[in-house]
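Colleague: Got a sequence here, can you build the structure:
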Amino acid sequence: MARLSIVLPSYNEQQNIARTHQTLQDILTQAGIEYELIFISDGSKDGTYEEIKRIAARDPNVKGAEFSRNFGKEAAIFAGLNLALGDAVIVMDCDLQHPPKMIPEMWKLWQEGYEVVEGVKNSRGKESLFHKLAAGGFYRLMSRMMHIDMAATSDYKLLDRKVVNVLLDLTERNTFFRALSFWAGFRSTKIYYDVQERAFGESKWSFGSLMRYAISNVTSFSTIPLQMVTVLGVVSIIFSLILAVQTLVRFLLGDSVEGFTTVILLILIIGGFIMLSLGIIGHYLARIYEEVKGRPRYIIRETTGDIRGNVNGR
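Modeller: Below you'll find the predicted structure:
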């Protein structure tokens, strides 16, 4: 009988673990789906992992792993994929903002032959206008860079075992899970859902962390920022030529004026372009440095019970 694995990255979610477990257990049992729940505690500072262990001790369908420190959601997702043994794997948020009621429908679509079932947001729930605009702008930018429509995408998706194996074979350390499922291809379909409100706790994403996440993911999937360096160089040259021609014409007409202000502005503009270009190049060099070191994506400090999946963070 086919089996479903559900990967649940968890960071400081002690209050949500039991509720999430009970909700998923009820839905999956009622749907007659054989399953395993894999909770990954991403270096939580509360009692998240202790709660996972408590539930795993009485439910053999629950597995858990604890990172040695906080490695981030991407690492937690890939750790769960490594540990999953199911014929299909669903990744979803531990706080149930990804509605569990969609799981039977995703499972049915997989049984019909779809290898990737993408969860697409009808709405983003209660977010500030600024956050919605920023998120929308980021995904429009990513869509143009990747030539794939990533509007309203999320980490909520089902992957066939063959797709999971492809993702796990990737050697890169800096990953963008929701985009990699598009990149991998395979036969895919979409389901639409509304983001649910959290019962406990609050979002772990600050504006700063979202910005870092966006920059990291853009540079993981595109070299366009590097190409922008060339564009900035061309703009600088054109701007300089225009000023040079203007200055020469005025000189020939005997109407030359002191160019102190023009020189200062030119220096500031070109200097700004140069610093921005160096920053972009420096970021890509840093990414290369991180990949060359070959450190594991994550380190698992402890696991619950008899986990037969791969605990190696590489």
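
Colleague: Mind naming the longest helix for the chain?
Modeller: helix 260-293 (DSSP state H).

Colleague: How far off centre is that helix?
Modeller: Distance of helix 260-293 from its chain centroid, counting by Cα atoms, centre = their mean, to the nearest Å, is 26 Å.

Colleague: Could you list every helix and strand that it packs against?
Modeller: helix 207-221, helix 224-252 (3 or more Cβ pairs under 8 Å, 6 or more residues apart in numbering; DSSP states H and E). Placement of C-beta: from N, CA and C, glycine included.

Colleague: Least confident of the ones you listed, on average?
Modeller: When the helices and strands packed on helix 260-293 are compared on mean pLDDT, helix 207-221 scores lowest, with a mean of 63.

Colleague: Could you tell me the phi and psi values at the spatially closest residue to residue 110 that is not a sequence neighbour?
Modeller: Counting by Cβ to Cβ, 6 or more residues apart in numbering, residue 88 is the residue found nearest to residue 110 once chain neighbours are left out, at 5.0 Å. Main-chain dihedrals, residue 88, degrees, to the nearest 10: phi -140, psi 150.

Colleague: How many residues are close by residue 88?
Modeller: Look at residue 88: counted by other Cβ atoms under 10 Å, it has 25 neighbours.

Colleague: Please list all residues in contact with it.
Modeller: For residue 88, the contacting residues are 2, 3, 4, 5, 107, 110, 158, 159, 160, 161, by Cβ atoms under 8 Å, 6 or more residues apart in numbering.

Colleague: Filter the residues you listed down to the buried ones, PyMOL style.
Modeller: A single PyMOL command suffices to select whichever of the contacts of residue 88 are buried according to 16 or more other Cβ atoms under 10 Å:
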select buried, resi 3+4+5+107+110+158+159+160+161
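
Colleague: could I get the contacts of residue 88 as JSON lines with pLDDT?
Modeller: What follows is these, written out as JSON lines (pLDDT from 0 to 100):
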{"residue": "2", "pLDDT": "80"}
{"residue": "3", "pLDDT": "86"}
{"residue": "4", "pLDDT": "92"}
{"residue": "5", "pLDDT": "92"}
{"residue": "107", "pLDDT": "91"}
{"residue": "110", "pLDDT": "89"}
{"residue": "158", "pLDDT": "92"}
{"residue": "159", "pLDDT": "92"}
{"residue": "160", "pLDDT": "91"}
{"residue": "161", "pLDDT": "92"}
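
Colleague: In strands only, show me the contacts of residue 88.
Modeller: Assigned to strands by DSSP state E, the following of the contacts of residue 88 qualify: 3, 4, 5, 158, 159, 160.

Colleague: Please report how far the third one lies from residue 160.
Modeller: Look at residue 5 and residue 160: by Cβ to Cβ, to the nearest Å, they are 11 Å apart.

Colleague: Repeat that for the first one.
Modeller: Counting by Cβ to Cβ, the separation of residue 3 from residue 160 is 12 Å.

Colleague: Kindly indicate which of the contacts of residue 88 lies nearest residue 116.
Modeller: Proximity of the contacts of residue 88 to residue 116 was ranked by Cβ to Cβ; the top entry is residue 159 with 5.9 Å.

Colleague: Excluding chain neighbours, what is closest to that closest one?
Modeller: Nearest non-adjacent residue to residue 159, counting by Cβ to Cβ, 6+ apart: residue 89, 5.1 Å away.

Colleague: For that neighbour, grab the count of nearby residues.
Modeller: Going by other Cβ under 10 Å, the residues that sit close to residue 89 add up to 26.

Colleague: show me what contacts it?
Modeller: The contact partners of residue 89, taken as Cβ under 8 Å, 6+ apart, are 4, 5, 6, 7, 80, 81, 158, 159, 161, 164.

Colleague: Between the residues you listed, which sits nearest residue 54?
Modeller: Residue 54 lies nearest to residue 6 out of the contacts of residue 89, by Cβ to Cβ, at 18.5 Å.

Colleague: what pairs with that closest one across the strands?
Modeller: Bridge pairing for residue 6 (DSSP bridges) gives the partners residue 37, residue 90.
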